[in-house]
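J.: coords below, sequence missing:
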């Protein structure tokens, strides 16, 4: 017991820095310049920490792990009963948090540029949303997982309601009501697992379930599985509660939706992996997860086809593509899980491209409905190019990143003996293409109506675009990432495969 | 023959609270009543969490100076349940505050507390 405790320095910073930033910008409230400086510096700091941080653990209780053969250890690479509330920062967490930090930099820059006044509280909520997502992706105990999901749900409601119109407030209220239900369900699931295993640490609980005969307790396990599934469905907006989440995506500012959808994907990955690690061997558990995923993909993409507003098309496509992420995880194989994780990364990137394009369309003054906007390509050819490239990536067209993850998922489905799932993935891909290009044609390529689009003063001379330069910069970076990950998928895939291997072969390792 | 222990009775009460709360949230039309139903649901969950950690004749799971450690693990109640309850109370209050705030805003806008009227779907 002479080993020193080796808590990782960076893990608390991912929680503390956003909280402090949120408090400061909230106090600054209407001092726009100060809020811009503080929030931009803070988001850059989080990005830097995500890049330079080594891998490791944070054990909250500070107590050592108990070795199975007797004795104690603080070492994380040696198996021990951890008995501790615990966070872990590894390959998967680094990729996800880096991506989220990069998006936070862009979102903060765009929000402080586009909102006019008194946005301190709003920026504070965005930072807290980041914090909740960071908690969920790093956590390895039920207690913090539950708190992360609960706090994250309230923050989603806050960010959506901050958009300030009736439909946003309605969406926030409905979402909060349902969060109350699923949060209560998750608390019961947690209590049941705790009562059955005696451990709050996820690794310990998995180890307990794997090494003891719990067949007589299948009833309790199924109930806790059901409640965790409810939390998973709710947090990711999977079918059948997809209308709630698509309302949330569609009624928030598009730049806020970037972080909202990122948080949702991280919740889907984190809770999905916990369910798989805990209940993967339970009969029919994977089948239920697969069923929910397929249903979500199909309903989401069909609903997207029916929309006549760019942001609502995207809202339903985000839901549909969440199904692709969960499908990979539900397959339960190394290939499937790696594909699901890679899809989560890619999905966050290309959906961010499309959401930024949607935000840019707003600057032309007529909303985002295909009935009211047209001819944007003539005003801004670069924006049109960006949205077309984003749509290609989302539809799984090579050489963009969406192609790589979707082909992995198809391979995983085929090697798992489920060709029908591969067909569904292809169908979602094609339908995504149709839904997006229907909207893109109407808004960007269709000739302008006789009445010209309302133009801000800057555009009147035809020289200056009303869209902020930072938005184009963010688009360029994200499109670059879609191409780089499409051409060199191993940049992320090697690390994600390692995470998938751990889930399949040593599920008690976080 | 079922033995009506204190744990079973409190779990039954918790289940009743959860069912009443759930029913209220799903079927009542008044927003304030829905929020009250949510607090009942939350209380039911809290009671269930405390009851799950109950040990017949158990002791408080704090090792005080001078107390015996010999039977402590067997007799101490499960501490995590009450720990989660404390957090759940805080989260419950926060959720209630958000629900009430949003309800107030929508009431000012629509002049009604009927969920069927206030939450009726519309798109921008």
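T.: Yep, that arrived. These numbers come from a predicted model, not from an experiment.

J.: contacts, neighbours, all on C-alpha from now
T.: OK.

J.: What lies in contact with stretch A:189-209?
T.: When contacts are defined by C-alpha atoms under 8 Å, 6 or more residues apart in numbering or on different chains, stretch A:189-209 is touched by residues A:81-86, A:140-143, A:146, A:220-221, A:223-225, A:227-228, A:274, A:277-278, A:507-510, B:49, B:52-53, B:81.

J.: The same query, at a cut-off of 6 Å, please.
T.: Residues external to stretch A:189-209 that are found in contact with it (C-alpha atoms under 6 Å, 6 or more residues apart in numbering or on different chains): A:81, A:84-85, A:140-142, A:224, A:227, A:278, A:508.

J.: Any chance of the residues you listed in TSV with distance to chain B, neighbour count and secondary structure as columns?
T.: What follows is the contacts of stretch A:189-209, written out as TSV (distance: C-alpha to the nearest C-alpha, whole Å; neighbours: other C-alpha atoms under 10 Å in any protein chain shown; DSSP: H, G, I helix; E, B strand; the rest coil):
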residue	distance to chain B	neighbour count	secondary structure
A:81	16	20	strand
A:84	12	22	coil
A:85	11	20	coil
A:140	16	28	coil
A:141	12	25	strand
A:142	10	24	helix
A:224	13	23	helix
A:227	13	21	helix
A:278	20	23	helix
A:508	21	22	coil
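
J.: Residue A:473 versus whatever residue of the stretch 201-350 of chain A ends up closest to chain B, what's the distance?
T.: The minimum distance from the stretch 201-350 of chain A to chain B, using C-alpha to the nearest C-alpha, falls at residue A:251 (8.2 Å). In this structure, residue A:251 lies at 25 Å from residue A:473, with C-alpha to C-alpha, to the nearest Å as the measure.

J.: Hmm, which of the contacts of stretch A:189-209 is lowest in pLDDT?
T.: Comparing pLDDT over the contacts of stretch A:189-209, residue A:84 scores lowest. The value there is 75.

J.: Now the phi/psi pair for that residue, please.
T.: Taking degrees, to the nearest 10, you get phi -140, psi 150 for the backbone angles of residue A:84.

J.: What residues does it make contact with?
T.: Contacts for residue A:84 were tallied using C-alpha under 6 Å, 6+ apart; they are A:61, A:201.

J.: how much space is there between it and residue A:205?
T.: Relative to residue A:205, residue A:84 is positioned 11 Å away (C-alpha to C-alpha).

J.: how far is stretch A:79-98 from where the chain is centred?
T.: Relative to the centre of its chain, stretch A:79-98 is centred 18 Å away, using C-alpha atoms, centre = their mean, to the nearest Å.

J.: Work out for me the element the spatially closest residue to residue A:321 that is not a sequence neighbour sits within.
T.: Leaving aside its chain neighbours, residue A:321 sits nearest to residue A:297 (6.2 Å; criterion: C-alpha to C-alpha, 6 or more residues apart in numbering or on different chains). Assessed by DSSP states H and E, residue A:297 sits inside helix A:285-306.

J.: That helix: what's the following helix or strand?
T.: Moving toward the C-terminus from helix A:285-306, the next helix or strand (DSSP H and E) is helix A:310-331.

J.: who touches stretch A:316-335?
T.: With C-alpha under 6 Å, 6+ apart as the criterion, stretch A:316-335 contacts A:246, A:286, A:289-290, A:293, A:296-297, A:300-301, A:304, A:336-337, A:339-340, A:343-344, A:412, A:500-501.

J.: Grab the most central residue of chain B for me.
T.: The centroid of chain B falls nearest to residue B:42 when counting by C-alpha atoms, centre = their mean (2.1 Å).

J.: Would you mark the buried spots in the lowest-mean-pLDDT helix or strand in chain B?
T.: Within chain B, judged by mean pLDDT, DSSP states H and E, the helix or strand with the poorest mean is helix B:72-75; its value is a mean of 70. Residues residue B:72 are the ones in helix B:72-75 that count as buried (16 or more other C-alpha atoms under 10 Å in any protein chain shown).

J.: buried sites along the helix or strand following that helix?
T.: Heading C-terminal from helix B:72-75, the first helix or strand you meet, by DSSP H and E, is helix B:80-110. Residues B:80-82, B:84-85, B:88, B:91-92, B:95-96, B:98-100, B:102-104, B:106 are the ones in helix B:80-110 that count as buried (16+ other C-alpha under 10 Å).

J.: any idea which helix or strand comes after helix B:80-110?
T.: In N-to-C order, the element after helix B:80-110 by DSSP H and E is helix B:115-118.

J.: gap between the lengthiest helix in chain A and the chain center?
T.: Ordering each helix of chain A by length in residues (DSSP state H) puts helix A:166-197 first. Distance of helix A:166-197 from the chain centroid (C-alpha atoms, centre = their mean) equals 18 Å.

J.: can you name the two of the contacts of stretch A:189-209 that are farthest apart?
T.: Spatially, the most separated pair among the contacts of stretch A:189-209 is A:81 and A:227, at 25.7 Å (C-alpha to C-alpha).

J.: which residues of chain A fall in strands?
T.: Counting by DSSP state E, the segments of chain A that form strands are A:56-59, A:65-66, A:72-73, A:86-89.

J.: how about the residues of chain A near chain B?
T.: residue A:170 (C-alpha under 6 Å from any C-alpha of the partner chain).

J.: mind showing which ranges of chain A have poor pLDDT?
T.: Within chain A, the segments meeting pLDDT under 70 span A:1-5, A:62-63, A:76-77, A:449-465.

J.: All good on my end, thank you.
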